[in-house]
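Participant: using only what follows, build the 3D model:
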Amino acid sequence: MNILFDLYTTQFFIGGGSEYIRRVFYALLDEIKEKHSEIHIVALIDTSLGKFAYKDLSPESLKENVIDIGDLKDSSLKEILVTKCIDKVFIGCAQYWGSFDIHNLNCPVVCVIHDLCNEEYDKNKIDEYVHLNNFKFLLRYKFHMLRHGKKHLKNIPLIIEQAKINPNFHIITVSNYSKDSIAYNFDYSSDKIEVLYSPERINIYKEEIDTPLLQKLLDSKKRYYLMLNANREMKNPNKAFHAFERYQELSGKDIYLVTTGCKESKFKRHIALPYLSDSDLVQVMKHCYALLFPSYFEGFGYPPLEAMSYGKPVLASNVTSMPEVLGEAPVYFSPFYETEIFRALSKLTEDNYECFVEKSKSQYAIIKKRQEVDLTRLISLILCGI
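Facilitator: Modelled structure (predicted):
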């Protein structure tokens with residue numbers, strides 16, 4: 001059997017969806033090497049893009065591991081399906097598949113829809129809300145939407161349409177929230193959607209620190225809250241900046257807010273780190289006091305669980321998938337109110353800190369077990385049929 005495995009969506013950037021695909025890819029390879037020598041993987045990539053976010057998933061690395069390649073630079077999806085004699089297709093992140101002629105997918109398909117963030121942003125006007133005070137950006141956004149006809153909203157409807165006519169099209173999502181979102185936004189029965197939690201990311205850890213500014217931070221022994229991806233407005237950094245600065249001023253505590261992705265410090269006790277390597281990300285998370293996660297939307301959400309794996313308290317938004325995945329472990333708040341974030345910061349104290357540490361460890365153990373079971377189920381679906 002030949003399986004066409006979607007690595008195309010890992011080429012653009014390192015994020016939740018691409019981390020998911022990378023983890024599943026290596027788990028699948030391990031299973032094939034141990035038990036299924038008759039099954040072959042064909043990696044779907046597009047070398048015309050000229051970029052690969054992961055070196056270990058580049059054409060050179062794939063060839064070293066004797067992985068066949070279906071290159072969209074040279075052939076259409078339909079041609080790859082025929083020339084490579086594909087028996088099954090795995091779509092790891094359906095949001096990026098709208099540009100392909102998916103009507104040719106008449107073979108069995110295992111398709112993962114992580115979330116409907118684009119649809120929900122648009123329907124609930126989240127983009128406009130977030131950028132309301134940035135008039136220039138809002139104008140550019142509206143112009144972009146008019147010019148491109150909301151093409152980014154067409155991907156999932158095409159997938160759903162194909163699933164309705166192909167009885168061997170198996171749709172998977174990563175949380176019950178995303179399952180309900182798909183059922184609500186599209187005419188597709190939730191009974192046909194299987195929820196399998198995202199597996200743990202692949203973390204490559206070493207003792208040496210790559211980022212000098214991070215080394216300086218750790219050497220200083222400062223107590224800090226950590227917030228990731230602070231350059232992405234949909235992660236809600238600005239309200240968190242304001243709330244944290246106010247909290248620190250009123251409490252007088254010797255604490256800092258450390259962020260990744262933000263280019264410059266926004267206030268006196270803000271330490272802005274660049275994006276970090278996998279290993280440095282582990283280091284900054286292992287040494288933080290707590291994780292602050294004010295995101296407006298998550299289909300699953302890796303960072304809070306990873307913080308919990310190190311026994312770190314989490315302060316998190318109370319929307320979308322986060323209450324489902326994080327359970328009763330975090331201090332929750334509404335991401336739409338700065339006062340709510342301020343209140344959450346105030347609720348984590350020296351007296352209850354260890355209680356939240358234990359809550360994090362307990363919830364992580366529960367989800368980790370579920371992740372392992374669900375990854376086994378996913379690999380079985382890909383290898384053995386529906």
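Participant: all contacts plus neighbour counts: C-alpha atoms, from now on.
Facilitator: Noted.
Participant: right, and the helix or strand after the least confident helix or strand in the chain by mean pLDDT?
Facilitator: Here the helix or strand of the chain ranked lowest by mean pLDDT, DSSP states H and E is helix 135-148, holding a mean of 56. Going down the chain from helix 135-148, the next helix or strand is helix 155-165, by DSSP states H and E.
Participant: helices or strands up against the helix or strand just after that following helix?
Facilitator: Per DSSP H and E, the first helix or strand lying C-terminal to helix 155-165 is strand 169-173. With contacts taken as 3 or more CA pairs under 8 Å, 6 or more residues apart in numbering; DSSP states H and E, strand 169-173 sits against strand 109-113, helix 155-165, strand 193-195.
Participant: try 10 Å
Facilitator: strand 88-91, strand 109-113, helix 155-165, helix 176-185, strand 193-195, helix 353-384 (3 or more CA pairs under 10 Å, 6 or more residues apart in numbering; DSSP states H and E).
Participant: just put the ones you listed in TSV and tack on mean pLDDT and distance to residue 252.
Facilitator: Putting the helices and strands packed on strand 169-173 into TSV (pLDDT from 0 to 100; distance: least, CA to CA, whole Å) gives the following:
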stretch	mean pLDDT	distance to residue 252
strand 88-91	95	50
strand 109-113	95	45
helix 155-165	87	49
helix 176-185	95	39
strand 193-195	97	45
helix 353-384	97	18
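Participant: tabulate those (TSV), appending mean neighbour count and distance to residue 317.
Facilitator: Below are the helices and strands packed on strand 169-173 laid out as TSV (neighbours: other CA atoms under 10 Å; distance: least, CA to CA, whole Å):
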stretch	mean neighbour count	distance to residue 317
strand 88-91	23	29
strand 109-113	23	22
helix 155-165	17	26
helix 176-185	19	14
strand 193-195	19	22
helix 353-384	17	15
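Participant: can you give me the distance of the most far-flung residue of the chain relative to its centre to residue 279?
Facilitator: Going by CA atoms, centre = their mean, the residue of the chain most distant from its centre is residue 252, 35.0 Å out. To residue 279, residue 252 is 32 Å away according to CA to CA, to the nearest Å.
Participant: returning to that earlier point: so which of the helices and strands packed on strand 169-173 comes closest to residue 262?
Facilitator: helix 353-384 (26.7 Å; CA to CA).
Participant: ok now the closest one, how far from the chain's centre?
Facilitator: Chain-centre distance of helix 353-384: 16 Å, with CA atoms, centre = their mean, to the nearest Å.
Participant: if we can go back for a sec, of the helices and strands packed on strand 169-173, which is nearest residue 206?
Facilitator: helix 353-384 (22.4 Å).
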